[in-house]
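> just coords:
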């Protein structure tokens, strides 16, 4: 367990002391009640049969007076009631603690991944991250409820039981301790041997999840190319690989499960055999009543022994999942201490720099200054780095140190939240989120709602008869044309204007009329904003180079 994982658990325990305290208290009460049951049976023998064995009178050590059978049955009923209530509360508090831990971890994980730069988030296929929100969280929940809280409760119960067993008979107790310790070591070795197989199965599952996600995203391409059969065969091969690995693990885990009752009943048989040997000895202090109480105690502590034998498995799976989740938190934080001060006037200076890629490609970025009152155009062919530069300006990807200066501050040293609060970015590739027009625009209210309606109509997009923004457009605007989706993406940016406005290839899906409308609208607001538009080197069929020169300054990129 890493230091960060230990600190995470400490922080949770510190902020939920009451909940964990209740779980342990209820568990201890349930364990104490389960031990009182065989003690009470020993007292019953004393009252009903008149047995006088001193080993059967442990009950008399309790601070309670039970002198007749009527009082005994009242007490015994209360013990059973205590056991039932305490057992329920112990499970309830433990499960609530586990659910709370997983809920907080899941929310922190989601927030952390949303804050990461895009080049880190999409380092692997998106589907590979989904397992962290489903299967991993189940393993982590069991780690908390059974592997930690349950383990502590069972250890407490086992310690109380062993103390009582030692009081009854030291030799039999040492036999139990020795055999139990041996079983624990055997199970630890088996779990350690299974760990690589569990890790492989987890990787196969996440890989298959990523495969399915990528194929669903490219469903139209698959249908147009007639690749349904090919993709089905690919998935069947992957599914078969996962099945074979799962069966490999199941054969070994089922053998482990079968060993538990075999070993525990073997332990009971060993105690019975050794007890019978002791009873035959002339100088033994063990009698039949004491052996009966001893066996009752042993049967009581067998369940916690069984759970402790399994607990290593919960730790194995839980810590494997937790370590995967913690890797997200262990990556270098991109959020720095510097914050942009309150901005009245914004200016951005991009210094010339090059980027070298592993495939040998080199991108050349020229110097560029962005100022309020001027619309700047970034021209370049496809692949020249226009989108990459805009992503750096928006804080979506890390910029080389000293390459971008915002109001004289190096952008690489700025807090990402601070930077993004000053930048709005339009990209036709950024999907819409929501099922209605209002939803994809961020549910604007008041003046912003009126402005959204006005901007939508300005670009020639029709609303409902009553001009409502609650129109159902399908998930992510599925029911809209690509041009209508683009208009909503533009409106989304325009009703949330920020000091630095970046537009990545905004003309590609607009007709000529809307291109000129967009340029006219940007002309109206340029005095309050720094505006940068990235366009293809061949401009666009709907706009001429003269039109760009008329509206602002242009800088070309090369590679």
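Now that the structure is in, tell me what you want to look at. Keep in mind the model is a prediction, meaning the values are calculated, not measured.
> please count neighbours and contacts with C-alpha atoms only from this point.
Will do.
> could you pull out the strands in the protein for me?
All strands of the chain, identified by DSSP state E, fall at 347-350, 353-356, 362-365, 368-371, 375-380, 404-406, 409-410, 423-427, 500-504, 530-536, 552-556.
> just checking: what are the partner strands of the second one?
As defined by DSSP bridges, the strand partners of strand 353-356 come to strand 362-365 (antiparallel).
> average model confidence for the partner strand?
For strand 362-365, mean pLDDT rounds to 82.
> need the strands of the chain in TSV with distance to residue 306 and mean neighbour count, can you?
Shown next, in TSV, are these (distance: least, C-alpha to C-alpha, whole Å; neighbours: other C-alpha atoms under 10 Å):
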stretch	distance to residue 306	mean neighbour count
strand 347-350	66	18
strand 353-356	58	12
strand 362-365	62	18
strand 368-371	69	19
strand 375-380	68	23
strand 404-406	62	21
strand 409-410	60	16
strand 423-427	58	21
strand 500-504	62	24
strand 530-536	66	24
strand 552-556	71	17
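> pipe those into JSON lines and attach distance to residue 143 per row.
Converted to JSON lines, the strands of the chain look like this (distance: least, C-alpha to C-alpha, whole Å):
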{"stretch": "strand 347-350", "distance to residue 143": "50"}
{"stretch": "strand 353-356", "distance to residue 143": "45"}
{"stretch": "strand 362-365", "distance to residue 143": "48"}
{"stretch": "strand 368-371", "distance to residue 143": "53"}
{"stretch": "strand 375-380", "distance to residue 143": "53"}
{"stretch": "strand 404-406", "distance to residue 143": "46"}
{"stretch": "strand 409-410", "distance to residue 143": "44"}
{"stretch": "strand 423-427", "distance to residue 143": "42"}
{"stretch": "strand 500-504", "distance to residue 143": "46"}
{"stretch": "strand 530-536", "distance to residue 143": "50"}
{"stretch": "strand 552-556", "distance to residue 143": "56"}
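> who wins for proximity to residue 243 among the ones you listed?
When the strands of the chain are compared by C-alpha to C-alpha, strand 423-427 sits nearest residue 243, at 41.6 Å.
> about what we covered before: looking at the strands of the chain, which has the lowest confidence?
Least confidently modelled of the strands of the chain is strand 552-556, at a mean of 49 by mean pLDDT.
> and residue 34, what is it in contact with?
Contacts for residue 34 (C-alpha atoms under 8 Å, 6 or more residues apart in numbering) come out as 83, 300.
> and the strands of the chain: which comes nearest residue 278?
Set against residue 278 and scored by C-alpha to C-alpha, the strands of the chain come closest in strand 353-356, at 81.5 Å.
> ok, residues contacting the closest one?
362, 363, 364, 365, 366, 403.
> out of the residues you listed, the closest to residue 445 would be?
The closest of the contacts of strand 353-356, once distances to residue 445 are taken by C-alpha to C-alpha, is residue 403, at 38.5 Å.
> next, the closest residue to the closest one other than its chain neighbours: phi, psi?
Leaving out its chain neighbours, the residue that sits closest to residue 403 by C-alpha to C-alpha, 6 or more residues apart in numbering is residue 351, at 5.1 Å. Backbone geometry at residue 351, expressed as degrees, to the nearest 10, gives phi -80, psi 150.
> and residue 351, how far from residue 191?
Using C-alpha to C-alpha, to the nearest Å, residue 351 is found at 56 Å from residue 191.
> who's more crowded, the two?
Per other C-alpha atoms under 10 Å, whichever of residue 351 and residue 191 has more neighbours is residue 191, with 22 against 14.
> counting neighbours, what do you get for the closest residue in space to the more buried one that isn't next to it in sequence?
Nearest residue to residue 191, sequence neighbours excluded (C-alpha to C-alpha, 6+ apart): residue 313, at 6.3 Å. Number of residues near residue 313 (other C-alpha under 10 Å) recorded here: 22.
> so for residue 313, what's the pLDDT?
Here the pLDDT value assigned to residue 313 is 72.
> from here on, count from 18
Let's use 18 as the start, then, which means that last one is residue 330.
> roughly how far does it sit from residue 171?
Separation of residue 330 from residue 171 (C-alpha to C-alpha): 15 Å.
> tell me the confidence at residue 33?
90.
> mind listing what it touches?
For residue 33, the contact set (C-alpha under 8 Å, 6+ apart) is empty.
> tally of neighbours for residue 504?
By the measure other C-alpha under 10 Å, the count of residues near residue 504 is 23.
> surely it touches residue 474?
No. Here residue 504 lies out of contact with residue 474, judged by C-alpha atoms under 8 Å, at a distance of 10.0 Å.
> burial count for residue 174?
When neighbours are defined as other C-alpha under 10 Å, residue 174 has 24 of them.
> so it sits against residue 49, correct?
Yes. With contact defined as C-alpha under 8 Å, residue 174 counts as touching residue 49 (7.1 Å).
> just want the most central residue of the protein.
Nearest residue to the geometric centre of the chain (C-alpha atoms, centre = their mean): residue 123, 3.9 Å.
> how's the chain carved up into domains?
Using automatic domain parsing, the domain parsing of the chain gives 20-346, 364-573.
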